[in-house]
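Peer 1: Sequence plus predicted model, see below.
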4 protein chains.
Amino acid sequence: MSSAVADLERVVKEIAEEMRQRTDRGEPASYIPELANVDTGSFGLVVIDNDGTVAAGGDADMPFSIQSISKVFTLTLALGKAGDRLWKHVGREPSGSAFNSIVQLEYEHGIPRNPFINAGAIAVTDRILSGHQPKEALGEILRFVQFLADDSSIAIDRTVAESERRTGFRNIALANYMKSFGVIENPVDYTLGVYFHHCSIVMNCRQLAMAGRYLAHSGRNPATGHRVVTPERARRINAVMLTCGHYDGSGEFAYRVGLPGKSGVGGGILAIAPGKASIAVWSPGLDAYGNSHLGRIALELLTKRLGWSIFGA
Amino acid sequence: MSSAVADLERVVKEIAEEMRQRTDRGEPASYIPELANVDTGSFGLVVIDNDGTVAAGGDADMPFSIQSISKVFTLTLALGKAGDRLWKHVGREPSGSAFNSIVQLEYEHGIPRNPFINAGAIAVTDRILSGHQPKEALGEILRFVQFLADDSSIAIDRTVAESERRTGFRNIALANYMKSFGVIENPVDYTLGVYFHHCSIVMNCRQLAMAGRYLAHSGRNPATGHRVVTPERARRINAVMLTCGHYDGSGEFAYRVGLPGKSGVGGGILAIAPGKASIAVWSPGLDAYGNSHLGRIALELLTKRLGWSIFGA
Amino acid sequence: MSSAVADLERVVKEIAEEMRQRTDRGEPASYIPELANVDTGSFGLVVIDNDGTVAAGGDADMPFSIQSISKVFTLTLALGKAGDRLWKHVGREPSGSAFNSIVQLEYEHGIPRNPFINAGAIAVTDRILSGHQPKEALGEILRFVQFLADDSSIAIDRTVAESERRTGFRNIALANYMKSFGVIENPVDYTLGVYFHHCSIVMNCRQLAMAGRYLAHSGRNPATGHRVVTPERARRINAVMLTCGHYDGSGEFAYRVGLPGKSGVGGGILAIAPGKASIAVWSPGLDAYGNSHLGRIALELLTKRLGWSIFGA
Amino acid sequence: MSSAVADLERVVKEIAEEMRQRTDRGEPASYIPELANVDTGSFGLVVIDNDGTVAAGGDADMPFSIQSISKVFTLTLALGKAGDRLWKHVGREPSGSAFNSIVQLEYEHGIPRNPFINAGAIAVTDRILSGHQPKEALGEILRFVQFLADDSSIAIDRTVAESERRTGFRNIALANYMKSFGVIENPVDYTLGVYFHHCSIVMNCRQLAMAGRYLAHSGRNPATGHRVVTPERARRINAVMLTCGHYDGSGEFAYRVGLPGKSGVGGGILAIAPGKASIAVWSPGLDAYGNSHLGRIALELLTKRLGWSIFGA
């Protein structure tokens, strides 16, 4: 075992232990009933470097709802299908407002600012659906995530999806609003059905870090050598993650962590150290921006201790 | 001469030549009379790597008004004086709106979103001024820039500064608006006087790339070894440049170029390849966001050809 | 026949004739397919004074979709049921924005500004529904309008209602958005179903002017003597019509016409000359604010010739 | 003495007495130091009917700063000078936001919504100034108010004006912002100087009610028979007062009082009962919208007891 690998494993274990002991744990998402009851005591961290070393700490194998992290995978899939035409339906600028704001949509004629706010991810989902049946589109997304993680056991929690469908009034509002501008082309129920379901994919940190390897490795799965996207596309997805991946806390995440990342209200974060590693962290208590409180702190410590910030040593 | 240095010099020359030949050159800033008459035929590019190699192409020695690029230096200076207390007066999130928008200020009680929109830079200038006479504060800023570039000949174009003072009604509005919330503490005329003057600093690409070296080199001037800021602060300034450095085109710049950067309406851009190089480019024609049109294209080509994107190879 | 009555009848005939001859007729509402094909050549005007004199001109008996004019009747009905508690669900200030804007809702936590913008009328409809079945609530609204007009033949055009239900994405967005704040209490589909149907009530100018008499006559039907609302409530409904009845053209309508009024995108306007007359006008071509182009002009001429402006002789 | 006159005098005395006894008195304007120290115990009410009867109650002769009420007189003057061309510089729609909001200006390219919000009144003042020296323009405004009130003793409190000039950062921001769009044509300092001074005119209720007679009497001074404006213009000014005269509380004022009116943060309100009377009320404690708390209540009682609402008996 090389000393770099030993260092990595030690740092991951240390951070998991430090996070276990902290008493400031944030609050779980309250607006999705199924997520509100999660125990904020959990914390998991997995780092997979580009040699395939897996360093795991804490609740690395405990499953959670990936929620908005799925937007990274749907963006990748939609770019594969639509190419740069996708950008006619969604922008790639930070939004300067909350994840579910509708104001920006009115001022910009129904075009959402980026693929990582809810409106943008719904528009991206609509591009994947693109005339197919919801079931087929959802199957395609799930199989893509299974392929990325090399794990066919990954599944959707339909109870969470149904719960969001029943209570997700703001997302229903966003989708209908975009529909009124013609930005959504499929029936709103279809698009939202697929959206709510892909947000309800369940993974653990190990699976999530596996799934993110292509972004850390120039678009290739380093284990199999399979090309998922071109190197340029991998860089560009990372760039959108950096500028837009944490809603109105994206600047803060870049400032403190210094890695492209995407969070979900389930408490997970996928972070990418380009050329170095794919990282998944999970702790269900959230901060004021809706991002995992301990997850963000753990990533800040990790990049500092390993010198992995993309902004300099 | 190493082959890496040879490559760098070749790439810089090539790009300068390609830019010279392009017919799409953008439009110069129209709202500052002194800048409106600049010849859009100019293009300069200088890259200084961390070994001190200087690769120059095009109009590398032609002076231009650095305008908003000065905000990087005033942010650095203000952080040195106020430390993290600075962030009580200004945020560090992308704004999601134009460089001179006043809407965000009303919704956020006079606190500007980040130090690189005009309102934010005015608030930062107010922190540097902080009870001193405008002349002293301005002298301090100018000496700091001269120190960073190791060139005491750098000066201010007072004609441009006076022109902005006479016609900069929107900046006057922004400053008074913040004053009404108590965010600006000095007399508005003092703060704006210093602001308009530091925006009117004149540099050429060579000087500008020299001045940016500390950000590419963990906070140190690699030539002298002098520490300007801590490594962490250098990383964080780079992070703010990446997320906020190009107004409402910051996402686009990250997506296409993949480097922290700060543009000015004079047509200059300072870009940082952390651990690798400090880069200055200048071409006065602007794109729709107010950023140098050819400058951005040149940087996109440079990062692609040299594999310097912070988002992966 | 008194000379005042003769004057009234002459003025109404004259205006109808002048409107018939005008070539500037506005454009019909485009977003409801069933309304888009209406002939803009039509024009009708009926004035009923408080002595019961009916002066009619033009297409006074041609039926049209009253659309948003129904909001006056639902506001009256909801105030009767909920009293001043209604104002917890909707404000009574002009909105300063378009009839279907969603921006204001976000800044004001889901409470619509007034009962005459779409969001406000949907919230009012929700108060009428209030736990009942949609069919019952709709029946109550229709019977109330029939009672006001003293005409049981008034009906709903279900084709128009269905068309709006299928294509009214922005109203669906507004309703779900308010639901996300808890402002809408019934199932969104129920509330919108009732809303789309009461907007699809069909009346002619004669029926509409009859229905408005209580607002011109201190809350009483002057023919039957039946009290519909208290005098104070009639005044207050008139006040809301004056300040909010024409969306973002309300100031313009007050400035030019000087009467409380409520327009619908079907081209109808109900206007009230308090103490004097109830007035209905209809012409399907709309102006830029979505109000009847010739309807507004006809009312301006009418108030000027009869000296009926509430703002002075 | 006719019984109507006796009634009027009795009602005015009663209301003044009721207001004297109330303990809820609102808070004085805090942002203008000279106004912050006013005693909220004061209350004055004067009604002048169209026969010239003057009914006075309370502190009818105590002088106060008319502040924004001056906007009625400057609007009248500017319409006299510029006619309908004035409406290119200012709209006449309710604003849907606070009196000093700058947001609307950004979305509407620097054109203020109406002449009674601060931005609009500054734009109107700029039209009166129109190339003249501030001193001349201010003299013209003051003489016009003296002429309307038939009282050459009316003067400006220069201490208040100077205080506003020193501390009115938000108005300075609004003016410079409009200047950046070219809506303000004179030097900003000139326009603001005139604006701050005409807001600082000092009157008592008796003078103010006298000055408003032309609006209640079809544009004529009923005492002298002099025409101030045409009947149509008087109606239109009343209409703008009704829809826009109380900032974001205009709907509320119309709903409760039912008269055109214009308030000032000095605690005064000028209200017009068209064809009946000119009314001035003053009490320095303000409500949440910045309108006189007891002034509004007194007017509500007055219109109810006298049956003067323009919206019906």
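Peer 2: Looks like it came in fine. Numbering: from 1, shown residues only, chains lettered A, B, ... in the order given.

Peer 1: The residue of chain A found nearest chain B: what's it in contact with?
Peer 2: Across chain A, the shortest distance to chain B (Cβ to the nearest Cβ) belongs to residue A:96, at 2.2 Å. Quick note: C-beta positions are derived from backbone N, CA and C, even for glycine. Contact analysis of residue A:96 by Cβ atoms under 8 Å, 6 or more residues apart in numbering or on different chains lists A:104, A:248, B:93, B:94, B:95, B:96, B:97, B:104, B:113.

Peer 1: Once you drop chain neighbours, what's closest to the most centrally placed residue in chain A?
Peer 2: For chain A, residue A:69 is the residue whose C-alpha lies nearest the centre (Cα atoms, centre = their mean; 1.8 Å). Using Cβ to Cβ, 6 or more residues apart in numbering or on different chains and skipping residues adjacent in sequence, the residue nearest residue A:69 is residue A:264, 4.3 Å away.

Peer 1: if I read this right, that neighbour contacts residue A:70, doesn't it?
Peer 2: Yes. Here residue A:264 reaches residue A:70: they are 7.5 Å apart, a contact under Cβ atoms under 8 Å.

Peer 1: list the residues that contact both of these two?
Peer 2: residue A:199.

Peer 1: quick revisit: go through the contacts of residue A:96 and name the one nearest chain C.
Peer 2: Closest to chain C, out of all of these and judged by Cβ to the nearest Cβ, is residue A:104, at 9.4 Å.

Peer 1: hmm, back to that, how about the residue of chain A closest to chain B, nearest residue that isn't a chain neighbour?
Peer 2: In space, and not counting its chain neighbours, residue A:96 is closest to residue B:96: 2.2 Å by Cβ to Cβ, 6+ apart.

Peer 1: got a list of what residue A:95 touches?
Peer 2: A:101, A:104, A:113, A:114, A:117, A:244, A:247, A:248, B:94, B:96.

Peer 1: Can you classify the residue nearest to it when sequence neighbours are not counted by secondary structure?
Peer 2: The shortest distance from residue A:95 to any non-neighbouring residue, by Cβ to Cβ, 6+ apart, is to residue A:113 (4.1 Å). Under DSSP: H, G, I helix; E, B strand; the rest coil, the three-state class of residue A:113 is coil.

Peer 1: Touching the longest helix along chain A from outside, list them.
Peer 2: The longest helix of chain A (DSSP state H) is helix A:3-21. Helix A:3-21 is touched from outside by A:43-47, A:49, A:51, A:53, A:55-58, A:283, A:294, A:297-298, A:301-302, A:305-306, with contacts defined as Cβ under 8 Å, 6+ apart.

Peer 1: send the alpha carbons of that helix over as CSV?
Peer 2: The C-alpha trace of helix A:3-21 is given here as CSV (Å, rounded to 0.1, in the frame of the first residue of the first chain):
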residue,chain,number,x,y,z
SER,A,3,1.8,6.1,1.3
ALA,A,4,-0.7,8.3,-0.6
VAL,A,5,-3.3,5.5,-0.3
ALA,A,6,-2.5,5.2,3.4
ASP,A,7,-2.9,8.9,3.8
LEU,A,8,-6.2,8.9,2.0
GLU,A,9,-7.6,6.1,4.1
ARG,A,10,-6.4,7.7,7.3
VAL,A,11,-7.9,11.1,6.4
VAL,A,12,-11.3,9.6,5.5
LYS,A,13,-11.4,7.6,8.8
GLU,A,14,-10.4,10.7,10.8
ILE,A,15,-13.1,12.9,9.2
ALA,A,16,-15.8,10.2,9.7
GLU,A,17,-14.9,10.0,13.3
GLU,A,18,-14.8,13.8,13.8
MET,A,19,-18.2,14.1,12.1
ARG,A,20,-19.6,11.3,14.3
GLN,A,21,-18.7,13.3,17.4
